[in-house]
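>>> Task: produce atomic coordinates for the following.
(one chain, ligands or ions: 1)
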Amino acid sequence: QPPKEIKIQDRSYPADNWTNITDTIQSHVGRHLYLDENHPLAITRKLIESQFAGPVFGNYFEKDPVVSTFQNFDVLGFPADHPGRSRTDTYYANHNTVLRTHTSAHQQKYFRRINANEKERPEEVGYTVIADVYRRDAIDRSHYPVFHQMEGARLWKRPENDALSHSAETAAKINADVDLIPRHDVVVEDPNPTINENNPLQAEYHSAEEVEAIATHLKRSLERMVIKIFTEGSKAAAASSGPEPLKVRWVEAYFPFTSPSWELEVFWQGEWLEILGCGVIKQELLNNSDVPNRVGWAFGLGIERIAMLLFNIPDIRLFWSRDERFLSQFRAGEITRFTPFSKHPACYKDVSFWLPREDVYEAAAKYGRPVPNFHENDVMEVVRGVGGDLIENVSLIDDFVHPKEKRRSLCYRIQYRSLERTLINEEINELHDNIGSKLISTLGVQLRR
Ligand code: PHE
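The predicted model follows:
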């Protein structure tokens, strides 16, 4: 019998056939790790906030992760068929209430606040906000269904409401602010023109010179932040990872609520890593948020990503650890390299199953496209529900359709490892059996032995 309501922290929400928040997920709500001042996530938060500080920026946090689908998607211009809205990607309390999937869910609130506070604090034209965010996703060492994002935005007021005729003045004002940003000498790759086919000008609202000015201010501000935290903020990190010079690059991106949009990538130990998304805020959103006579930029970055690099933390599950051997290694205001406590052995086991038959017919009809009623994230959710933080990685190792029977078979390899102790065989066997039974009862699969 499905429950009638779902409780998150101390509030209840009516459940319906969209509800998919599990106990495991609920148990993570309310930790507010970014407020524990000696926690690496809080240390990282402070470091970034120090680059976006008062009086221009207010620094905020949002403790309640429950938002409406309107806040998380609609107001930001997500189309009705955007994959981010699906139940396989997002945790729903019910059909119109979700656990926020990004801090952008609070953009409208903070734009409105800038307008509401204009008399008392006219200089506060920007903000940062940090919060826990939730996504159904794969299981590996850099993905966890709960993580933290920081959103930031900066607005400029136009001399008059009627936008375009004053855009030259606005651009000049923004360019004057660009000149106030301290210079840096790190090489930045940025090959694409600001405005191009993929990143069109919102011509109804913005002039090209205004968008150039906003884009330049955005890029210089974020480059500076990244350079600060990866070089000066992390002498310890730099010292132990060798003299590799910092390299960053801008790549084109797409978000429903910004245009143009970019991602910033950092070259770190041989790889380009995406660390944030950003762009020029679409004017419709500002018009709908009590600030029609302002223009500006916004960014959103993943705190864990940056903290893993700064502190050399090898597994994202560690952030949730209550083990003193983890927690005692960090102190407010300091970037220190994490020393793993002895690494306990990993153990893997495979689980193979046949998907339900009708799904396979549908899939076959669509020439091998993903089976509509089956989504890998559902397997991940079952595994997470049973194994919790004892699961290090889940990967698909075999996928085939039986040529005669037209049934699809999948095999996943589940890697078990505790970060805190050595697991015993009986315990793993029991977990693995439970995962098998749960896959049968929730996804209707047939196990292959
Ligand atoms: N919310 C976006 C994400 O989670 C990031 C973003 C924030 C992009 C603000 C543009 C502006 O991917």
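>>> distance of the closest residue to the ligand within the stretch 151-300 of the chain from N72?
Nearest to the ligand in the stretch 151-300 of the chain, going by Cβ to the nearest ligand atom, is G300, at a distance of 2.8 Å. From N, CA and C alone the C-beta is placed, and that goes for glycine too. For G300, the distance to N72 equals 13 Å [Cβ to Cβ, to the nearest Å].
>>> Please apply the same query to L410.
From L410 to N72 the distance is 31 Å (Cβ to Cβ).
>>> So the two - more neighbours on which side?
N72 (24 against 20; other Cβ atoms under 10 Å).
>>> Next up, the contacts around the nearest residue to the more buried one once chain neighbours are set aside.
Among residues not flanking N72 along the chain, A105 sits closest, at 4.5 Å (Cβ to Cβ, 6 or more residues apart in numbering). Shown in contact with A105 (Cβ atoms under 8 Å, 6 or more residues apart in numbering): V67, Q71, N72, L76.
>>> D64 now?
The neighbours of D64, taking Cβ under 8 Å, 6+ apart as the test, are Q9.
>>> Low-confidence stretches in the stretch 201-350 of the chain?
The model of the stretch 201-350 of the chain has pLDDT under 70 over residues 232-244.
>>> residues contacting H344?
R417, S418, L419, E420, R421, T422, L423.
>>> Next, the closest residue to the first one other than its chain neighbours: phi, psi?
Spatial nearest neighbour of R417, excluding adjacent residues (Cβ to Cβ, 6+ apart): A346 at 4.0 Å. Comment: the main-chain dihedrals of A346 come out as phi -100, psi 160, following degrees, to the nearest 10.
>>> And for A346, the neighbour number?
With other Cβ under 10 Å as criterion, A346 counts 12.
>>> So which of the contacts of H344 sit within helices?
With DSSP state H as the criterion, helices contain none of these.
>>> Closest to the ligand out of those?
L419 (26.7 Å).
>>> is it true that the closest one touches F319?
No. Applying Cβ atoms under 8 Å, one finds L419 not in contact with F319, separated by 10.7 Å.
>>> returning to that earlier point: got a list of what the residue of the stretch 151-300 of the chain closest to the ligand touches?
So G300 contacts H102, T103, S104, Q149, M150, E151, G152, L276, G277, C278 (Cβ under 8 Å, 6+ apart).
>>> Now do the helices in this structure.
Counting by DSSP H, the helices of the chain are 23-26, 40-49, 69-72, 107-116, 167-178, 208-230, 235-240, 283-287, 303-311, 324-327, 357-365, 376-387, 425-443.
>>> average model confidence for the fourth one?
Per-residue pLDDT over helix 107-116 has a mean of 98.
>>> Wondering if it reaches the ligand at all.
No. Shown here: helix 107-116 not in contact with the ligand (Cβ under 6 Å from any ligand atom), separated by at least 7.4 Å.
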